[in-house]
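Peer 1: Could you work out the structure for the sequence below:
(2 chains)
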Number of protein chains: 2
Amino acid sequence: MNIYDDETFFSSYIRLREGANYNDLLETPAMLSLLGSVEGKDILDLGCGFGKASRALIDLGARKVMAIDSSKRMLEKARIEYGHERIEYMNLPLEELDRIEGSYDAAYSSLAFHYIEDLRKLLGDIGRLLKVGGMLLFSQEHPISTADYDGHWNEDSSEYAFSGYLKEGKRESRWFVDGVRTYHRTMGTIITTLSGCGFHADTVLEPAPSSKAIEALPRIRRELEKPSFLIVRAYRQG
Amino acid sequence: MNIYDDETFFSSYIRLREGANYNDLLETPAMLSLLGSVEGKDILDLGCGFGKASRALIDLGARKVMAIDSSKRMLEKARIEYGHERIEYMNLPLEELDRIEGSYDAAYSSLAFHYIEDLRKLLGDIGRLLKVGGMLLFSQEHPISTADYDGHWNEDSSEYAFSGYLKEGKRESRWFVDGVRTYHRTMGTIITTLSGCGFHADTVLEPAPSSKAIEALPRIRRELEKPSFLIVRAYRQG
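Peer 2: Predicted coordinates for the structure are as follows:
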């Protein structure tokens, strides 16, 4: 079962996203800053969750959004709250993108890639679904964050302690529920795999919080010490 | 004065490089693994230091090496110990590469870029000196290492503690002598600046120590927790 279909996880996650949160204050603005014009474009939303970004893409002028997620519960909420006639929802794990066809102008993916074990297959599948020159814009948990972490910050010094950066692979942690599984990959692996799959990354962004964001959620200032998110914009090469 | 011309620093550095060290066990093998054939090529060695790599490039078949360093003392040692008729040495800070001309097949730079404040100018100058399709292979201190560091590892847990990752700019630390100045840039800035200067990075490597390296220098196993080096191979786009 997808953790986002777990009742405890789902309700905790929705509560998190309803308050002042890192997504709205940091990740989403950074993604939008790199999006460029989507006017008239056909866009994949990979791991669309409850569908807020899919709808934002339509509101920004996208012609059509194919919104894909492995959680039925998330898609249900997406249809009800952010549905639109130009958004098509599909219940599919990102591991199975080879089951669909199409020719898209862009792929957008917010905080989904760190759940996927096989990045090479994922990027290969996305490349196949994108036109030459098509854009892939994705965010994921930052590799410093997906490395091993003992669960504390040093409050006095703003220090962040981690280990296991070069030990790639599965991680299990507690986030609302036990056993949330993510996959740690180094920054080097991410950039090298993108290139190997025919993408040129023109921008890699580790977003810093604005003073407005720090006002709304003071602890987000810690991002200046250790970023939570990695955002990459890449283009499919000819 | 270049710190490498400081007598205390110079002699300490040479002693370090003569014993079992991170350069020989980790950084140099990783650089060579990405080098490819240099047969018949004209190569820039940027920040050549005491010239061991310049000579290795000649021994691997390079047609000519232009070895550049800002330290006269290093160049003197290079000429004596690793000189060759196909190596030309030049005493020039990397900040002043705009003063030379040429059309090279490749640029090699070992552990010099973190001393340079203006990466965009440096990469622009290198791009101008490279043929289209020419390779830039460089190593530098890893951005996790150039962020702020309080000087301790947690010995029990292998944890590495740092802060200030998103606060780019000058750092001063003690390395043999006080006031060694380096410049911290995030991984995102490095990759984005490369692309903005017309380079496509096909490989980003954060090298892990081999079991042989760990045998020779046991503490190098800590690289698995936190890498010291970042290595990038990029090509000048047309």
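Peer 1: Which positions in chain A make contact with chain B?
Peer 2: A:144, A:150, A:154, A:157-167, A:186-188, A:191-192, A:195-196, A:200-206, A:208, A:223-227, A:230 (CB under 8 Å from any CB of the partner chain). Yep, even glycine has a C-beta here, placed from its N, CA and C like the rest.
Peer 1: Quick one: buried ones out of these?
Peer 2: Taking 16 or more other CB atoms under 10 Å in any protein chain shown as the criterion, what is buried in the residues of chain A next to chain B is A:144, A:158-166, A:186-188, A:191-192, A:195, A:200-206, A:208, A:223-227, A:230.
Peer 1: Among these, which are located in helices?
Peer 2: Secondary structure assignment by DSSP state H places A:144, A:187-188, A:191-192, A:195 of these in helices.
Peer 1: Between the residues you listed, which sits nearest B:Leu60?
Peer 2: B:Leu60 lies nearest to A:Thr192 out of these, by CB to CB, at 23.3 Å.
Peer 1: Is that closest one in contact with B:His200, as I believe?
Peer 2: No - under the criterion of CB atoms under 8 Å, A:Thr192 is not in contact with B:His200, lying 11.9 Å apart.
Peer 1: can you give me the helices for chain A?
Peer 2: Applying DSSP H to chain A gives helices spanning A:7-18, A:22, A:28-35, A:52-59, A:72-82, A:119-129, A:143-146, A:187-196, A:211-216.
Peer 1: Is it possible to get a markdown table of these that adds mean pLDDT?
Peer 2: Output for those, formatted as a markdown table (pLDDT from 0 to 100):
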| stretch | mean pLDDT |
| --- | --- |
| helix A:7-18 | 85 |
| helix A:22 | 95 |
| helix A:28-35 | 97 |
| helix A:52-59 | 97 |
| helix A:72-82 | 96 |
| helix A:119-129 | 98 |
| helix A:143-146 | 96 |
| helix A:187-196 | 98 |
| helix A:211-216 | 95 |
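Peer 1: Quick one: those as CSV, columns for distance to B:Ser37 too.
Peer 2: Below are those laid out as CSV (distance: least, CB to CB, whole Å):
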stretch, distance to B:Ser37
helix A:7-18, 52
helix A:22, 47
helix A:28-35, 37
helix A:52-59, 46
helix A:72-82, 51
helix A:119-129, 26
helix A:143-146, 32
helix A:187-196, 20
helix A:211-216, 50
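Peer 1: Nearest approach to B:Tyr104 belongs to which of these?
Peer 2: If we rank these by CB to CB, the stretch that ends up nearest is helix A:187-196, at 22.4 Å.
Peer 1: Compute the inter-axis angle for the closest one and helix B:187-196.
Peer 2: Using axes from the mean of the first three to the mean of the last three CA atoms, to 10 degrees, the inter-axis angle of helix A:187-196 relative to helix B:187-196 is 30 degrees.
Peer 1: now helix A:187-196 and helix A:119-129, what's the angle there?
Peer 2: 30 degrees.
Peer 1: quick one on the thing from earlier: can you tell me which of the helices of chain A is nearest to B:Leu130?
Peer 2: Of all the helices of chain A, helix A:187-196 sits nearest to B:Leu130, with 18.3 Å by CB to CB.
Peer 1: Might you list the low-confidence residue ranges for chain A?
Peer 2: A:1, A:151-152, A:155-156 (pLDDT under 70).
Peer 1: Look through it and tell me its longest strand.
Peer 2: Ranked by residue count under DSSP state E, the longest strand found in chain A is strand A:130-141.
Peer 1: The closest residue to A:Lys131 other than its chain neighbours: how many residues sit nearby?
Peer 2: Spatial nearest neighbour of A:Lys131, chain neighbours left out: A:Ser103 (5.6 Å); criterion: CB to CB, 6 or more residues apart in numbering or on different chains. Neighbour count of A:Ser103, defined by other CB atoms under 10 Å in any protein chain shown: 11.
Peer 1: who's in contact with A:Ser103?
Peer 2: A:Ser103 makes contact with A:42, A:129-131, according to CB atoms under 8 Å, 6 or more residues apart in numbering or on different chains.
Peer 1: Mind listing what's buried along stretch A:4-14?
Peer 2: Within stretch A:4-14, the residues that count as buried by 16+ other CB under 10 Å are A:4, A:6, A:9-10, A:13.
Peer 1: Count the neighbours of the closest residue to A:Gly196 other than its chain neighbours for me.
Peer 2: Distances taken as CB to CB, 6+ apart put A:Arg120 closest to A:Gly196, at 7.1 Å, once the chain neighbours are dropped. By other CB under 10 Å, 12 other residues sit near A:Arg120.
Peer 1: any idea how far A:Ile100 is from A:Arg120?
Peer 2: Distance from A:Arg120 to A:Ile100, counting by CB to CB, to the nearest Å: 18 Å.
Peer 1: Repeat that for A:Leu224.
Peer 2: Distance from A:Leu224 to A:Ile100, by CB to CB: 40 Å.
Peer 1: Was I right to think A:Gly188 contacts B:Ala201?
Peer 2: No - checked against CB under 8 Å, the pair A:Gly188 and B:Ala201 is beyond contact range at 9.9 Å.
Peer 1: Give the burial count for the nearest residue to A:His84 once chain neighbours are set aside, as a bare number.
Peer 2: Using CB to CB, 6+ apart and skipping the chain neighbours, the partner closest in space to A:His84 is A:Ile58 (5.0 Å). The number of residues packed near A:Ile58 is 21, by other CB under 10 Å.
Peer 1: quick one, what contacts A:Ala62?
Peer 2: A:38-43, A:86.
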